[in-house]
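[1] sequence first, then the predicted structure, then my questions.
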Amino acid sequence: MAWTMLFAAGLLEVVWALSMKQSHGFTRLVPSIVTMVAALASFGLLAASMKTLPLGTAYMIWTGIGAVGAFLVGVALLGEEISPMRMLAAGFIIVGLVLMKLSATS
């Protein structure tokens with residue numbers, strides 16, 4: 001259950017990052033509200049998963065899902081640049097996430 005909560009927390013991190021971008025510095029009401037709600041839910045799920053998962057593992061997985069997810073959303077929805085170097089960087093993050101998951105004892 002902790003891993004499911006952690007995965008959901010990581011996806012919500014992507015949601016709040018995208019909605020923060022769409023809020024234009026918190027000058028748009030709806031994206032600002034979405035940012036706050038998604039961030040609170042993400043932090044709550046992260047905290048709940050940390051009851052059983054190690055701090056380093058949980059935090060790395062959460063930030064990694066958020067980082068790679070935000071990169072993919074930026075490319076797919078916002079037309080951000082995709083280059084071999086950026087893809088390699090995202091790939092390294094994914095490899096790190098897999099290795100962290102494989103090394104977890106919980």
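    Good, I have the coordinates. Numbers count the residues shown, from 1 in each chain.
[2] for this structure, which helix is longest?
    Ranked by residue count under DSSP state H, the longest helix found in the chain is helix 55-78.
[3] in this protein, which residue is most central in space?
    Against the mean C-alpha coordinate of the chain, by Cα atoms, centre = their mean, the closest residue is residue 66 at 1.7 Å.
[4] didn't that residue look like it was pressed against residue 18?
    No: in this structure, residue 66 is not within contact of residue 18 by Cβ atoms under 8 Å, at 10.5 Å. C-beta here means a position set from N, CA and C on the backbone, and glycine is covered the same way.
[5] just for this structure, where's the confidence low?
    105-106 (pLDDT under 70).
[6] how about the helices in it?
    Assigned by DSSP H, the helices in the chain fall at 2-22, 29-49, 55-78, 84-103.
[7] right, so the ones you listed: which one is the most enclosed?
    Greatest average neighbour count among the helices of the chain goes to helix 2-22 (a mean of 19), per mean count of other Cβ atoms under 10 Å.
[8] between helix 55-78 and that helix, find me the angle.
    Taking axes from the mean of the first three to the mean of the last three Cα atoms, to 10 degrees, helix 2-22 and helix 55-78 form an angle of 40 degrees between their directions.
[9] tabulate the CA atom coordinates of helix 2-22 in PDB.
    Only the C-alpha atoms of helix 2-22 are listed here, as PDB (Å, rounded to 0.1, in the frame of the first residue of the first chain):
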ATOM      1  CA  ALA A   2       2.900   2.400   0.800                       C
ATOM      2  CA  TRP A   3       4.200   2.000  -2.800                       C
ATOM      3  CA  THR A   4       0.800   2.800  -4.300                       C
ATOM      4  CA  MET A   5       0.500   5.900  -2.100                       C
ATOM      5  CA  LEU A   6       4.000   7.000  -3.100                       C
ATOM      6  CA  PHE A   7       3.300   6.500  -6.800                       C
ATOM      7  CA  ALA A   8       0.100   8.500  -6.500                       C
ATOM      8  CA  ALA A   9       2.000  11.200  -4.600                       C
ATOM      9  CA  GLY A  10       4.500  11.400  -7.400                       C
ATOM     10  CA  LEU A  11       1.700  11.800 -10.000                       C
ATOM     11  CA  LEU A  12       0.100  14.500  -7.900                       C
ATOM     12  CA  GLU A  13       3.500  16.300  -7.900                       C
ATOM     13  CA  VAL A  14       3.300  16.400 -11.700                       C
ATOM     14  CA  VAL A  15      -0.200  17.800 -11.400                       C
ATOM     15  CA  TRP A  16       0.800  20.600  -9.100                       C
ATOM     16  CA  ALA A  17       3.900  21.400 -11.100                       C
ATOM     17  CA  LEU A  18       1.800  21.800 -14.300                       C
ATOM     18  CA  SER A  19      -1.000  23.700 -12.600                       C
ATOM     19  CA  MET A  20       1.600  26.000 -11.000                       C
ATOM     20  CA  LYS A  21       3.000  26.800 -14.500                       C
ATOM     21  CA  GLN A  22      -0.600  27.400 -15.700                       C
END
